[in-house]
Every structure is written in structure tokens, then in C-alpha cells.
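*Asks:* 3D model of this:
(2 chains)
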Amino acid sequence: MDENSLIYGLELQARALTPQYGESNDVCFFIATNSLKPTNQVHLIQYEEEQGSVQAKVFEHALGEVWKLNSCPRNSRLLASVYNVQKGAQVLTKAALFTLPEDLNPELKSEYLPWDQVEVLDTEALGERVKTIEFHPSQDTLACVVDNKVAVMQRAEASTRVVAEVPASGSSSGSAKHTQHFTTGKWSHHHQGHQFLTLQDGNLSAYDVRDTQHCAWSINDAHGQMVRDLDCNPNKQCHLVTGGDDGYLRIWDCRMAKAPVFERSDHSHWVWCVRFNTFHDQLLLSSSSDCKVLLTCAGSVSSETQVQPGLDDSNFSGAEAEERHKLLPDGLLQTFDQHEDSVYCAEWSNVDPWIFASLSYDGRVIISKVPKQYKYQIIF
Amino acid sequence: MAETKANPFDMDSSNFDAEKYLERLLKDCSLKQIMDTEAAVVKDTQTLHSDMQTLVYENYNKFISATDTIRRMKDDFKQMETDVNLLMTKMQSITTFSEQITGTLQGTRSQLCRLSEKHSLLKRLQFLSTLPAKLKSLIEEQNYAQAVQDYLHAQKVFAQYGRQPSFDGIQRDCDAIMADLKEQLRNDFQRAGNTAQSLTEIGELLLQLDEKTSDLASEMLTCAGKRLHEQIVMLQDQTERDMLEFVDMGIDGFLNDLALVVTSYFDMFVAKHYEHERDDFQENALHELNVFLNQNIEKYLTLVQDRVESDIGYGDTQVMLRALDRLHRRLQAMRNICRGLEVQRNTVSIIISAAHQLCDAHAKNLKDHFADSLSAVRLSLVSAKSDAAAGLNLGDLISNLYVSMVEKIKGVLQDLLIFLRTDWSFNIKAEHKGALCVEGIRENLLIGFLRHIAKVMCGFGDASSSSPPNLLLVLSKTCLELEQQGVHILIALVDDLYEIDSENSATLTHETEICAEMRETAQALLDAYVRLQGTNISQMLRKSVETRDWLNCLEPRSVRAVMKRVVEELGSIETVVASLYEANTNAASGFRTTASSDSSRKTYFSNFASTSKPQYRSNWSNYTPSQLESSYVSNIHRLFSERVEIFTSVEFTKASIIMGIIKIGLKTLLECVRLRTFSKFGLQQIQVDAHYLQMNLWRFVSDENLVNFLLDEILGSAVQRCLESVLMEPNAVEIICERG
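*Replies:* This is a model prediction of the structure:
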């Protein structure tokens, strides 16, 4: 395999991957398995760059198969999972918060490390199917997307408030109800953390959480078909990326909902996950059920286009600056095709901007690096 | 020596020496001889003597007579002298008499002279005195030319005697009359209603009346300009006439007048020399005339051009061109008349711009027509209800669209060819602009239109446009036909008709470029079709998986309706596609269609009995529960199999198109299955459905292993997502499926 990448295998199918946002020194990711078999697991893997190896801590996720994991950006020990439980003849999706133990290297008594604390969130009042639990980037607040509702949970006050609800359509038939459900959501990095972005079938809406039912803006029918994922540009206001069932990757300016400012269609099937690089937001990571992870450059709409020319003018002659800009053209930079099954998750490390992890359904985690030539072109 | 010098013995010589002669005689001769000699000498001497005497006598007589004559002459001269003297005195008296006569006659003669002078003067005076009346009558008769003639006559007299008070009055009268006349002439000159002919005449009269040449020249041009302007205005109103009449009117009225003005001006001011004008007057006049001529031609041609612009595309191009041809000839003739003058603007440029405009109009027509036929195609596709009928129609629609498009373009090309007819007096191609124009027909009209077609069609393929899928198929096929034939035919036609050498031209678009564009468009449209149909099927499958409660379903008794609908849908798609792409897959499909459903089962079973086809393994029906426990099985299989690209370009064959659609549908099913949790019966339902698909899809595709592989993955995933993975007996599955 590629010298740039490192494979870590799980024994079960997996669909949940998240970087440990609270950790600021080591490259760490959480992975959780998605299997109907009794013991699902949560793996905390730490990538050792010098040794080129992966250290794993394995926890048991006894509550059920995990569909989604999120880690708290302000508390490295806090983790939220969304999981399925079987209740009679029904499958419910619920959510729980897990706290890692202080000591990650105890003397092993069993196969799994013990959790410090497990708290099942009370979501049954909101609905049957939790889609995601999103940690607010700066406050002690959770956003909970359940069925057709978005609820904000103030942890400190232990209060839950529904801020957005898509009204159930007139007919209560199953299919009609289903299309109204949110599929996922995410906090906006901007707007003082007051906006929460939601996806619902082909539409993208932003809700102001200070009010109820306050839709700040929306982009309708962003991909013709279902929109699978979104991410905000952390460095540039109003820019966000979406991926959908049409295999397109689109960057939108939320002030211009009519047309995307950038689009690529390098995937040959649904795009399941899209991520801006936190530091160099011209780098886009996307994963798809065509078993590929793509690294795309969207330099023309990144936050660095505005900054760089000024720097160049003072440091370099015009020609050199020109040449530098040419080095990283917009478009597909690299295809990572070591996965053998659909890749449902791909995430940048929050610590090292050049490292990312991707997880395919067959349980294969691949930790890869941005190829050196692109890295140097961006740095220098 | 003496003997040699002179014979001393010769008596006739002066050297005769008598002594010697005697001596010798005496010595030599006999006595007798001496006697004889003596006798002879004596005789001779006597003879000689007498001769001498005679001679002397004779000469003496002559001398005497001469002396007598001289004496007589002397007397005669004396008499003559007296006569001459007498004559002299007489002559003197004659002279004095004559002087006397002359002196007396002198006085009478000068008187006579004076009298005759006075006579002529009186005659002139009479003329002058009657002049005012005469002038008046002449003017009344409108015989201006005679009046001016007379006046000019009188003018000289006045110039001589003008100081005398008696003439003063007459002169004043005449001047007054002539001033009136001048005024009248001037008015006439300025009056707009008269013809160029009379303008010229009046101009000449005024010129004779000592009008200031430069003023008159400029006035003439202004007046003529006004009149010409009126004609232009008149022509402007002739909108209801056709082009030919319009141009004829222009030639008869405007251009003829203009030519007359120009020629008379030229004769009056440019060709003649005027002493009292500045040296560069002629030059200036010529310049003025040039400006004037060009201004008016410009005005007129602008009018013509406006007319052409408003007419082009509506009227008969042939008529218009005939009119323009006539105009061109006339202007050409005019150019020859006015030597030294340059007509800057050319009718050819009007013709070229007309050609350009006609091209544009045709291009627009073509685009409109194309848009119309597209919407017609769209409409007929939307309104056609039954799929079978639509399938039959599709071929017709394509050929209609294609043929009408090609025929329309051919018609336009033929239509434009009229500009190049050899019997026109102009030759567009001779001019650079014209040549560009002709190339423009190729580049802008034909190539531009073909590109427009490609672009518009591409627009239909856009994901955002909601075109009916069959439209995409029709358009794709049309593009393909254009690529394979139409483009070549049309470009060859235009090159042939307009004699354009496109092969060796660097600037002209090459046929292959357009072909490639068409091909790309066809491909894009076909891909869009596959995606669209694939998405339709996907939506059905996705809804069916997402909305069903897989945990609480009963044991499968039948194939789910959605699977049947998917197969039906694929069947109708195949019918439609086959109506267009059958020919391309003749060998393969011919073989396939002969196979019975039995053969399908055979391939299906042989597939997992033998491992000769390694790329896509069919293994799910061999699973035992223990094998199913291990997810590695499928992973290992996957390692050895090829990756399946879902959204990819398809080939222009039926099998490839259908396969593309099936791939998208099955992949969707796979992803949806992975998101659900199944009970035992749920899994078995999926097993039944997958088997049904397996049984029915083979006939659509050329590579059923790929279908089997995808179905395996679906079932494999369902097994993994199942709480109690127990598969049905294969026989039971088959019974259910065959029951339908």
C-alpha cells in the first residue's frame, strides 16, 4: 500500500468516525462499529507519526450498533453516540454521552476499557429516531436532531428546547412523514454560534437557535437528489460544502442560494461525507460509496485566495507569485482508493492539518496524509 | 648650245644669225642652190614688205574713223544735258502743285470721319434707349438668356460712357431691371421646385450677370442639396413599393439629378478658369463638389441600406439583389461620368452587409426553427402515452428533427448562394470583406448553428433541467446522427457551394472539431439519460426499502410489487432504447433473445458451480449460516473482483445503456439495505426480490456477472443487517419468483 497511509482494521462493519476534538497534541480518532451482533465497540486510535503505527484503546458500546459519533471540542473525554436499540418489534435510535476514564492505561482486567460515565440522553419525548448529537463549538450546549425536530439541550440548566420542527404533512402516511425528517445537522462556525444547519432530503436550512422556527436562510434542492452531508468553511463566513446522491460536491455561498460557487463531480456514486480542512480550507476531503476518498482543491473559493496575493506582492516578484498560484489548480488532487467497500466517513485530524482518516463499511480505517508535493505547494 | 636654244638658221626666229646662215649656206650648198636661195630670199623679202605696207594702211584708216566718232559723241551729250535740266524744273513745279491740292482737301476728310463715327454712336444710343423696354419684354417672355445677352452688350457701352448724365438714366433703368431679373433668377435658383436642368441654366445666367462665383457655387450646392434632400424624403416614404421600384425611383429621380448637378457644377466652376477668383478656386470647388457628392451618395446609400435592412429576410432576396445590382451598375456609370471625383461609399459594402444581415436573419430563423422543432419533439414525447407507441415514434421523431434541420440548413445555404450569382455586376468574393462574409456564412451560419445545436442540446442534459428522459435519448441520437453524417454532408455542401477551401485554411473550423463536439454532446446527453432513468429506478427502490417495516414483515409469499415495476420499467426503457440502438447490438442481442428463461437459470446456476469467470463471483446462495457469520468472506471476494463504477459514461449500445441504468438502481438498493435492520422474513423477502431481479435482468445486459455481483452484495449486506440470518430454501425462492 501507499507509504503515506496506514490501515487499521475493525472486525465489524462501521459507519462512525470522529476526531477527538478536545485532544490538542495527538492525532486521535474515535471509531464505532455498526453491527447487529452483541458487542459493538468504540475504538480510540492514536496515530504515532514517528513509528508509523496506531495505538488503540477499545471500549465496549453495549447499548447497540453505533450510527454516528461526535466528540466534544472542549472536553476531550466527552463523546456522543447515536445508536440503535431494539424495543420489541421496533428499532429505536437513541443517543448517549460517554465519558472516557481519566487513566487510559489501567491494568487490563478485561477485553475492554471501562467508561467513566455513560449517560443516555432523554430523547424519547422528541421522537423515535435520533439523527445526530452535535456539540456546540464553544458552549456547553448540545443540538439534537430527532426525526423532524431540532432541539437544543442546555447541559448546565438541564433544559431542552425545540427550536425547529418541520410540520408533519397533512397525511400521516409513512412515506409522507419520512420525507419530512431531517437527515442530519451541524452547528455553523459563524454567526456567534447561533445558527444550526440542517439537512432534509434535498434541502439545506439554517435555523437561528435563539428563536423557534426561525429559518435564517435555506438552499432548496441543492443536489437534485438527497443531500448526504455538509460542512462549514471554518475560515470563511457563509461558505459551506455539500455532497449528495448525484455524486457532486458543491460549495455554496449562503448569501447566494441560487447556484453553487464551486462544484465537482469526481465521484461515481453518492457522496457520503465532505470536510473542509480546518487550516487550509482549499483542501476538501470527500468520501463516497464508490469506495473512494478524494482530495479536492477549491483554491478559487478558499479563504486563502484573498490573503495570499498581498503576501506574495511583498515577498516575491510578480512572476514568482504567479507561478506559485498556478501550482495548485482547482480540481481533483488525489484519489485514495485503498478501500474495498463504501466509505461512509472521512475526517481531517484536528491536530495535524495534513492527516486524515477514512472509514469504510467493512471496518477498515485508513489514516492517510496529504501528499508531500501538495503540502509543500500550500506551505511555501 | 646656240643651236639647241634657238636655231640660228631659222629666219623666222629672233635668234637668226645671218652670218652663220650664210656661212652654212655657203658651205653646204651648191652654187645653184645658193642662187635659188638668194632668189627665194629676195622674193620673200618683197612679199613681206608689201604685206607690211598693207597692214599699216589699214590700221591708219580705223584710227581715223574712231577719232571721228568720239568727236560726234561729244556734241550729243551737250544736247542731253539741257533736256535733263528742263525736266528737273518741270518736276519741281508738279510737287508744289500737289502740295497745294493736299492742303486744300485735308479739312473735308476729317469731317467725314467724324460723321460716320457719330452715326454708329447714334445707333448705339438708340439701342440703349430702347434697352430697358426690350429687356422688360424679354423678361416677360421669360427669355432670360436673350435679356442677359443684351444687357451684357449694353454693359460695355455703359462702361465706356457711363459718366455722361444722359446715359446715366438708362443705365440706372437697365440696372434696376437687371437687378430685378437677378433677384428673380436668384429666387428661381433657390426655389426648391425646379429641376436640376433649370438650376443649371439659371446658374449659368447668374454667372453671366457677374454673380460672385464662389457664392454661386456654394449656393448651387446648397440648393441642389435641399432639392436632393426632398427627394430623399420622398423616397423615404415609398415603403409600400418593392425594392426594385424603390431603387428605380432613386435612380431616375435622385441619382439623375445628382449626376446633372455634379456635371453642370463641374462644367461651370471646375472646368472653367475665373480670373477674378483666387487661384485655388477651382481646386476648392472640386473639393466642395466631392464633399457634396459623397454626402449625397452617402445619404442615399444610407437610405438604401436602411431599406435593405428593413426588407432583408422578409421580401424576395432575388428582387432585392436585382435592385442592388441595378444600383451598383448606375453608380459604376456615375463614377465614370465624374472623373476627378471619388465616390467613397460602395454599393458592394451594402450588399455585403445585406448578406451579413441575411445570414444573421437566417441564423436566427434556423435557431427559431430548431427551438420550435425541439419543443414539438418535446410535446409529442410528453403527449405520447403508450410506451410502445413512443418507441416507434422515437425513430420518426429523430429522423423528422434531423431531416428538417438538415433540409432547412441546405435551403438556407442555397438561398444565400444568390449573392454569388455570376451575372451580377458585382463580385462579393473579390473584396476582402466579401470573402470574409462568405466565410462567415460557413463559420457563423453553419458552424455557429451546429454549435448552437450542441449547446442547446447540452442544456437539456443538465441535471437542473427537467427534461423527459426520452427527449434526452432522442437528442442524443440526433447528435450522433449529425456527428456521423449530417456535419460532414453540410460542411461539404457549404465548401462546395461557396468554393471554400477549408482543408487548408488555418482559420476555418475543421469538420472534425464539430464532429467531436457533437459526439461529446451525444455522450453527455446519453449519460444524462442513463442517470435520469437510473435515478427514477433508484427513487422507486429507495422509497420501497425506506418505507417498509422490515422487522415486522410476514414470510414472503410473493415478489414485492416494486421489483416488478422496476423490471417493467426497464423493459419499457429497453423497448425505447432498442428502437434506436438495436442495430448496434445485433449480434449479441440476437443471440440473447433466442435464449429461453431456462437458459437464464442455467447460466445462473453454472455461475456459482464453476469459477471460470473470476471477475464477479456469485456466492451468496452457497452461504451457510456459519459462513455468513464472517464478514470477511465478502471482503476477500471483493479483493479479487473489479471495482464497479456506477456513474460512468456508457457506450452507444443498448446493452451498455441498460446496464448503466441497472447499475445505478442496484447500487442504490445496496446502500439502502445497509441502512435498515431486517428480521428473518425481511431478509428472505430481499432474497426473493434479488432472485427475481436476477431472473429478469439477465436479458437486458451483455454481462450478467456484473448484475449477479451487485445482487450478491445486496443480499450479503442484508444478511449482515439481519437479526436472524436464515435464508430461504433456494427452491422455495424459485417457486415464489416463478409464480410472479
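
*Asks:* near chain B, which residues of chain A?
*Replies:* A:11-13, A:35-36, A:84, A:86, A:89-91, A:174-175, A:178, A:224-225, A:245-247, A:265, A:267-270, A:289-291, A:337, A:340-342, A:361-363 (CB under 8 Å from any CB of the partner chain). Every residue, glycine included, has its C-beta placed from N, CA and C.

*Asks:* one more time with 7 Å, if that's ok
*Replies:* A:13, A:36, A:84, A:89-91, A:174-175, A:178, A:224-225, A:246-247, A:268-270, A:289-291, A:340-342, A:361-362 (CB under 7 Å from any CB of the partner chain).

*Asks:* Buried subset of these as a ChimeraX selection?
*Replies:* What follows is the ChimeraX syntax selecting those of the residues of chain A next to chain B that are buried according to 16 or more other CB atoms under 10 Å in any protein chain shown:
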select /A:13,36,84,91,224,225,246,247,268,269,270,289,290,291,340,341,342,361,362
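
*Asks:* Give me the subset of the residues of chain A next to chain B that lies in strands.
*Replies:* A:Asn84, A:Gln90, A:Val91 (DSSP state E).

*Asks:* domain assignment for chain B?
*Replies:* Listed domain ranges for chain B are B:31-140, B:191-338, B:352-532, B:548-582+B:624-739 (source: the TED database).

*Asks:* All the helices of the stretch 201-350 of chain A, residue numbers only.
*Replies:* In the stretch 201-350 of chain A, the helices defined using DSSP state H, counting those that start in this stretch lie at A:304-315, A:318-327.

*Asks:* what mean pLDDT does the shortest one have?
*Replies:* So that's helix A:318-327. The average pLDDT within helix A:318-327 is 50.

*Asks:* Please apply the same query to stretch A:235-249.
*Replies:* 87.

*Asks:* Buried residues, that stretch. List them.
*Replies:* Of the residues in stretch A:235-249, those buried (16+ other CB under 10 Å) are A:235-236, A:238-249.

*Asks:* Show me which pair in those is furthest apart.
*Replies:* Farthest-apart pair in these is A:Asn235 and A:Asp245; separation 28.0 Å (CB to CB).

*Asks:* and stretch B:731-740, how far out from the chain's middle?
*Replies:* 79 Å (CA atoms, centre = their mean, to the nearest Å).

*Asks:* Can you list the neighbours in contact with it?
*Replies:* With contacts defined as CB atoms under 7 Å, 6 or more residues apart in numbering or on different chains, stretch B:731-740 is touched by B:Pro556, B:Arg557, B:Ser558, B:Val559, B:Gln687, B:Val688, B:His691, B:Tyr692, B:Met695.

*Asks:* Now render these as a markdown table, adding distance to chain A.
*Replies:* Below are the contacts of stretch B:731-740 laid out as a markdown table (distance: CB to the nearest CB, whole Å):
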| residue | distance to chain A |
| --- | --- |
| B:Pro556 | 17 |
| B:Arg557 | 20 |
| B:Ser558 | 20 |
| B:Val559 | 20 |
| B:Gln687 | 17 |
| B:Val688 | 21 |
| B:His691 | 23 |
| B:Tyr692 | 22 |
| B:Met695 | 26 |
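
*Asks:* Now the buried members of these.
*Replies:* Using 16+ other CB under 10 Å, the buried ones in those are B:Pro556, B:Val559, B:Gln687, B:Val688, B:His691, B:Tyr692, B:Met695.

*Asks:* sec struct for the second one, please.
*Replies:* Using DSSP: H, G, I helix; E, B strand; the rest coil, the secondary structure recorded for B:Val559 is coil.

*Asks:* I'd like to know how many residues surround B:Asp180.
*Replies:* 13 (other CB atoms under 10 Å in any protein chain shown).

*Asks:* Okay, the nearest residue in space to A:Ile251 that is not next to it in sequence and A:Gln282: tell me how far apart.
*Replies:* Leaving aside its sequence neighbours, A:Ile251 sits nearest to A:Phe262 (CB to CB, 6 or more residues apart in numbering or on different chains; 3.9 Å). From A:Phe262 across to A:Gln282, the span is 10 Å (CB to CB, to the nearest Å).

*Asks:* Measure how far the top helix by length along chain B is from the centre of its chain, please.
*Replies:* When chain B is parsed with DSSP state H, its longest helix is helix B:31-140. Mean-position distance between helix B:31-140 and its chain equals 96 Å (CA atoms, centre = their mean).

*Asks:* Which elements pack onto it?
*Replies:* Contact here means 3 or more CB pairs under 7 Å, 6 or more residues apart in numbering or on different chains; DSSP states H and E; on that basis helix B:31-140 packs against helix B:18-28, helix B:144-161, helix B:165-190.

*Asks:* Which one of those helices lies nearest to A:Arg155?
*Replies:* helix B:165-190 (102.6 Å).

*Asks:* picking up where we left off before, could you dump the ones in strands among the residues of chain A next to chain B to CSV with distance to A:Trp217 and pLDDT?
*Replies:* Formatted as CSV, those follow (distance: CB to CB, whole Å; pLDDT from 0 to 100):
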residue, distance to A:Trp217, pLDDT
A:Asn84, 33, 87
A:Gln90, 36, 81
A:Val91, 34, 83
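
*Asks:* Tell me which two in the buried ones among the contacts of stretch B:731-740 are the farthest apart.
*Replies:* Farthest pair in these, by CB to CB: B:Pro556 and B:Met695, 15.0 Å.

*Asks:* shared neighbours of A:Phe262 and A:Gln282, which are they?
*Replies:* With CB under 7 Å, 6+ apart, A:Phe262 and A:Gln282 have common neighbours A:Ala298.

*Asks:* Those two: which has the busier surroundings?
*Replies:* Using other CB under 10 Å as the criterion, A:Phe262 and A:Gln282 rank with A:Gln282 on top: 23 against 19.

*Asks:* Need the winner for burial among the domains of chain B.
*Replies:* Of the domains of chain B, the one with the most neighbours on average (mean count of other CB atoms under 10 Å in any protein chain shown) is domain B:548-582+B:624-739, at a mean of 19.

*Asks:* now the end-to-end length of that domain.
*Replies:* 22 Å (CA to CA, to the nearest Å).

*Asks:* Other residues contacting stretch A:8-19?
*Replies:* A:28-35, A:37, A:43, A:45, A:54, A:56, A:66-71, A:344-345, A:347, A:349-350, A:357, A:359, A:361-365, B:631, B:720.

*Asks:* Please check those and keep the buried ones.
*Replies:* A:28-35, A:43, A:45, A:54, A:66-71, A:344-345, A:347, A:349-350, A:357, A:359, A:361-365, B:631, B:720.

*Asks:* And B:Asp495, how far from A:Phe380?
*Replies:* On the measure of CB to CB, B:Asp495 and A:Phe380 end up 54 Å apart.

*Asks:* how about low-confidence regions in chain A?
*Replies:* A:1-3, A:107-109, A:167-179, A:305-327 (pLDDT under 70).

*Asks:* where are the low-confidence patches of the stretch 601-740 of chain B?
*Replies:* B:601-647, B:740.

*Asks:* any chance you could map the helices in it?
*Replies:* Going by DSSP H, counting those that start in this stretch, the stretch 601-740 of chain B shows helices at B:625-629, B:632-640, B:654-674, B:680-697, B:704-720, B:730-739.

*Asks:* Which stretch among the ones you listed approaches B:Lys62 most closely?
*Replies:* Closest among these, using CB to CB: helix B:654-674, at 165.9 Å.

*Asks:* by contact count, what packs against that closest one?
*Replies:* Using 3+ CB pairs under 7 Å, 6+ apart, helix B:654-674 sits against helix B:511-547, helix B:561-581, helix B:704-720.

*Asks:* mind running it again at 10 Å?
*Replies:* helix B:469-481, helix B:511-547, helix B:561-581, helix B:586-594, helix B:680-697, helix B:704-720 (3 or more CB pairs under 10 Å, 6 or more residues apart in numbering or on different chains; DSSP states H and E).

*Asks:* Good, we can wrap up now.
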